[in-house]
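Undergrad: missing the sequence, but the structure's below:
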Ligand code: ATP
Ligand code: LTN
């Protein structure tokens, strides 16, 4: 059987250049490497407060972004997580095999909940990795392409699979994460020591920003003392981040990018970075607009949900049987 490649993105806000470089840009290349299952993690989006209309709009946007990145809906399975009820069903079973201690050690939970009053932290935010593990397990996934921040959740999924299989036999497939060597963690332009994050708008480039704004944001990105364009994430996090963006979008190595900018001043270097970002985003936005105007996302999501359901159901049934749930 061809390997299964699965990933999900939350429709929680505007997609950033971090999402694009970390994951989205690579997805079309995977179409020939295996069976691709890509979804919109809309149930996960509910783990933090979100306005219903915003969630609807974000979900449409995200589906269109997936397609604009170059995914062929005939070749991949693209769908809304909430359209395939097996995700929630498997979640109800799997929540019994992950423990409070390990869930409370998850960095994403600690980061997100640190900003909240304890009385406002939903159970869903705490149990977030259970649903994510269910998403992965449900399709017998082999490979999960993600940004660096999600590695911990996939390690936890692997722990869960091993725990479950030790108890019930070889029921679940063990997934592996796949992260980019360069660009797995694009940093904020205003604070290059923190991740570029769509729920933290300062320092983001949004995929929907107009080109003037994109240029302005890059030209005013925080840089470091000194004047050399050199990759040194510890001492020059701002310049290193911009070099990473440049290298990935130009499909060259960091070393090659460094060589190109020997003797450049920061200002001229930033202009070159802005040029490659604009050259990438402009056609991407045109495709996105065409998909939105023609509502191409609708049919893709409908077909995707049917295909996903057909793949998920047998795995769910296998799990139900293993734990002793009757099928009458
Ligand atoms: P939030 O910042 O709101 O928590 P997020 O952008 O991290 O959201 P998703 O939209 O679900 O969450 O992320 C989609 C994918 O993009 C994930 O695989 C994630 O690891 C990756 N990703 C997110 N931010 C970055 C970044 N700054 N650099 C590289 N990859 C990223
Ligand atoms: N947790 C991820 C989104 C996500 C996901 C998944 C990624 C939900 N389910 C399954 C890979 C596989 C995030 O916050 N970026």
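TA: Good, I have the coordinates. Predicted model only: the values in this text are computed from it and were never measured. Numbers count the residues shown, from 1 in each chain. Ligands and ions are numbered 1, 2, ... in the order given.

Undergrad: need the residues of the chain near ligand 2, please.
TA: 6-8, 10, 41, 44, 132, 135-136, 144, 146, 150, 153 (C-beta under 6 Å from any ligand atom). Any C-beta I mention is one placed from the backbone N, CA and C, and that applies to glycine too.

Undergrad: residues contacting the closest residue to ligand 1 within the stretch 101-250 of the chain?
TA: Proximity of the stretch 101-250 of the chain to ligand 1 (C-beta to the nearest ligand atom) peaks at residue 147, 2.4 Å away. Contact criterion C-beta atoms under 8 Å, 6 or more residues apart in numbering gives 18, 19, 22, 23, 179, 184, 185 as the residues in contact with residue 147.

Undergrad: Helix or strand: which one has the first one?
TA: Spelled out, it's residue 18. With the criterion set as DSSP states H and E, the secondary-structure element containing residue 18 is helix 17-22.

Undergrad: helices or strands up against the next helix or strand after that helix?
TA: Next in sequence after helix 17-22, counting helices and strands by DSSP H and E, comes strand 35-40. For strand 35-40, the contact count by 3 or more C-beta pairs under 8 Å, 6 or more residues apart in numbering; DSSP states H and E identifies strand 4-9, helix 52-68, strand 77-80, helix 296-323 as packing neighbours.

Undergrad: Surely residue 196 touches residue 187?
TA: Yes - applying C-beta atoms under 8 Å as the test, residue 196 and residue 187 come out as touching, 5.9 Å apart.

Undergrad: ok so, going back, out of the helices and strands packed on strand 35-40, which is closest to ligand 1?
TA: Counting by C-beta to the nearest ligand atom, ligand 1 lies closest to strand 4-9 out of these; the figure is 4.0 Å.

Undergrad: Could you give the average pLDDT over that closest one?
TA: When pLDDT is averaged along strand 4-9, the result is 98.

Undergrad: element containing residue 93?
TA: Assigned by DSSP H and E, residue 93 falls within helix 86-94.

Undergrad: Contacts for that helix, please.
TA: When contacts are taken as C-beta under 8 Å, 6+ apart, the neighbours of helix 86-94 outside the stretch itself are 43, 81, 127, 130-131, 133-135, 137-138, 160, 164, 309, 312-313, 315-316, 319-320, 323, 325.

Undergrad: Check which residues of the following helix or strand past it are buried.
TA: Beyond helix 86-94 on the C-terminal side, the first helix or strand identified by DSSP H and E is helix 100-104. Buried residues in helix 100-104, counting neighbours by 16 or more other C-beta atoms under 10 Å, are found at residue 103.

Undergrad: which sections of the stretch 151-300 of the chain are below the confidence cut-off?
TA: 199-202 (pLDDT under 70).
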